[in-house]
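>>> Give me a model of this one.
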Amino acid sequence: MSIETLRKEFESLGHEVFIFAPKYSDYQDTNKKVFRYPSIDIEIKFRLPLGIPYSGKMDKIIKNLDLDVIHSHHPNLLGSAALRWAKKKNIPLIFTWHTLYDQYTNFVPFLPAKFSANWIIGKAVKYANQSDMVIVPTESVAPIIQTWGVEKEIISVATGVTEEEFSNPDKNKIREKYGIKKDEILLLLVSRLTEEKNIHFIFSALADILKENVKTKFMLVGDGYLLSELKSKAKMAGLEDKIIFVGVAKREDIKNYYAAGDVFVYASRSETQGMIITEAMYVGLPIVAVRATGIESLVENGKNGILTSEDKTEFISAIKELIENKSLREKMAEESTKIAKERYTAKICAKKMLEVYSQSIKNKK
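Take a look at the predicted model:
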């Protein structure tokens with residue numbers, strides 16, 4: 001999503017963008033400037049096509065392109081092809097460090113978590129130090145990866161919200177569809193329903209709130225391997241009529257789901273990007289979130305939301321404060337929109353990224 005957002009903005013500013021990505025067997029590109037490396041289609045808790053970084057066909061295409069910069073979004077697999085071609089063409093390699101890799105060891109089967117984390121981080125650090133500049137989506141990521149060993153210049157550039165995509169959201173469309181009354185408070189979560197998103201913590205906290213607050217409902221938008229387990233828990237707790245499992249929403253409808261909510265709740269500890277948070281902010285939602293890397297760069301505690309420790313009592317208390325205090329809720333909602341429009345639109349972030357490219361090209365000469 002972040003790559004596509006940047007592509008659209010770059011092209012609108014008159015630049016030419018070529019994308020090289022793994023092949024999805026059941027997906028057909030309409031953009032003729034998207035090229036697909038062969039891949040191995042595997043599924044470890046979710047679908048993950050692994051791009052094979054060697055292709056005679058791709059080599060011929062890249063060789064004939066007059067490129068100014070190569071931007072890599074992964075340290076392994078196709079990232080190695082990006083590094084190889086940047087060296088061959090003697091042009092800058094920009095690397096975006098998207099993920100706190102130590103939080104995703106649950107996707108690596110058969111190996112101890114600590115071993116997996118050290119191996120993944122080590123590979124990413126080596127790759128980052130071979131690049132010309134390192135991009136992080138939020139400022140709070142920089143000191144972490146520096147501690148891990150990244151020595152290259154690190155610049156923070158968020159993936160911005162595409163304003164056209166989020167204009168004129170319809171709050172009532174979703175609330176009417178799911179029978180949410182005007183006097184009911186809707187707590188909203190948009191997320192992949194997987195362990196690294198700390199879903200069990202948030203679900204347990206919200207279940208307690210829903211039992212106590214009659215006019216409160218909880219909506220989860222997203223899918224993941226924990227979905228069936230969460231549905232079972234909702235049923236066992238007698239909360240089937242208060243917890244709404246939407247599944248994956250169509251992209252064109254996502255703004256309406258944000259608009260339908262009154263408070264956005266989040267507990268992930270693994271964020272670097274925070275796209276979901278900036279989208280929620282842009283539509284005008286106050287945020288209650290566990291204080292974590294990425295999130296604390298976006299949410300100003302006490303201004304457009306409340307940040308808490310990973311303590312269930314504290315998290316519940318923060319949500320209750322916004323449920324009960326309408327004026328505070330509305331004030332924080334206004335601040336969320338203001339901050340997002342001033343700092344996190346796609347146009348603003350794309351222009352900042354282009355400045356990074358320009359500087360890296362100058363440095364290379």
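
>>> List the contacts of residue 153.
Listed by C-beta atoms under 8 Å, 6 or more residues apart in numbering, the contact set of residue 153 reads 133, 134. All C-beta atoms are positioned from the backbone trio N, CA, C, and that covers glycine.

>>> surely residue 92 meets residue 363?
Yes: contact status for residue 92 versus residue 363: in contact at 7.3 Å, counting by C-beta atoms under 8 Å.

>>> shared neighbours of those two, anything?
Counting by C-beta under 8 Å, 6+ apart, the residues touching both residue 92 and residue 363 are residue 132.

>>> Who has more neighbours out of the two?
residue 92 (23 against 11; other C-beta atoms under 10 Å).

>>> and residue 297, that's in a helix?
Yes: counting by DSSP: H, G, I helix; E, B strand; the rest coil, residue 297 is located in a helix.

>>> Now do it against residue 274, distance only.
7 Å (C-beta to C-beta, to the nearest Å).

>>> more neighbours, these two?
Ranked by neighbour count (other C-beta under 10 Å), residue 297 and residue 274 place residue 274 first, with 27 against 20.

>>> Can you read off the pLDDT for the more buried one?
We have a pLDDT of 79 for residue 274.

>>> those helices in the stretch 251-365 of the chain, which residues are they?
254-260, 275-283, 295-298, 312-324, 326-343, 346-364 (DSSP state H, counting those that start in this stretch).

>>> so of these, which one's packed in deepest?
Mean neighbour counts were compared across the helices of the stretch 251-365 of the chain using mean count of other C-beta atoms under 10 Å; the top stretch is helix 275-283, at a mean of 25.

>>> Find the nearest non-adjacent residue to residue 334, please.
residue 284 (7.1 Å; C-beta to C-beta, 6 or more residues apart in numbering).

>>> List the contacts of the one you found.
259, 333, 334, 336, 337.

>>> and with 6 Å instead?
333, 336, 337 (C-beta atoms under 6 Å, 6 or more residues apart in numbering).

>>> Name the member of these with the shortest distance to residue 267.
Ranked by distance to residue 267 (C-beta to C-beta), those are led by residue 336 at 18.0 Å.

>>> Find me the pLDDT at that closest one, would you?
Note on residue 336: pLDDT of 98.

>>> list the contacts for it?
281, 284, 285, 304.

>>> Can I get the residues you listed in TSV including distance to residue 65 and pLDDT?
Output for these, formatted as TSV (distance: C-beta to C-beta, whole Å; pLDDT from 0 to 100):
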residue	distance to residue 65	pLDDT
281	37	97
284	42	97
285	42	98
304	42	98
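
>>> Which of the residues you listed fall in strands?
Using DSSP state E, no member of the contacts of residue 336 falls in strands.

>>> sorry, back to before: got any residues that touch both of residue 297 and residue 274?
Joint contacts of residue 297 and residue 274 (C-beta under 6 Å, 6+ apart) are residue 138.

>>> Residue 269 and residue 292 touch, don't they?
Yes: assessed by C-beta atoms under 6 Å, residue 269 is found in contact with residue 292 at 4.6 Å.

>>> Tell me which of these two has more neighbours.
Just comparing residue 269 and residue 292: by other C-beta under 10 Å the higher neighbour count belongs to residue 292, 22 against 17.

>>> Against residue 274, how distant is that one?
Separation of residue 292 from residue 274 (C-beta to C-beta) stands at 10 Å.

>>> now swap in residue 343 and tell me
Distance from residue 343 to residue 274, by C-beta to C-beta: 12 Å.

>>> Also residue 132?
Taking C-beta to C-beta, one finds residue 132 at 25 Å from residue 274.

>>> on that earlier part again, okay if I get the helices of the stretch 251-365 of the chain as a markdown table plus distance to residue 247?
Shown next, in a markdown table, are these (distance: least, C-beta to C-beta, whole Å):
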| stretch | distance to residue 247 |
| --- | --- |
| helix 254-260 | 11 |
| helix 275-283 | 16 |
| helix 295-298 | 24 |
| helix 312-324 | 23 |
| helix 326-343 | 25 |
| helix 346-364 | 26 |
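
>>> Least reliable of those by average pLDDT, please.
Averaging pLDDT over each of the helices of the stretch 251-365 of the chain puts helix 295-298 lowest, since it has a mean of 90.

>>> So which residues make contact with that helix?
For helix 295-298, contacts defined as C-beta under 6 Å, 6+ apart pick out 138, 139, 140, 271, 274, 277, 289.

>>> cutoff 10 Å now
Helix 295-298 is contacted from outside by 136-142, 156, 158, 266-269, 271-275, 277-278, 280-281, 287, 289-290, 304-305, 307, 336, 339-340, 343-344, using C-beta atoms under 10 Å, 6 or more residues apart in numbering.

>>> anything in contact with each of residue 343 and residue 274?
158, 281, 298.

>>> Going by neighbour count, list what's buried in stretch 21-36.
Within stretch 21-36, the residues scored as buried using 16 or more other C-beta atoms under 10 Å are 21, 22, 23, 35, 36.

>>> Next, count neighbours for the residue nearest to the second one when sequence neighbours are not counted.
Excluding the flanking residues, the one nearest residue 22 by C-beta to C-beta, 6+ apart is residue 51, at 3.4 Å. In terms of burial, residue 51 registers 23 neighbours under the definition other C-beta under 10 Å.
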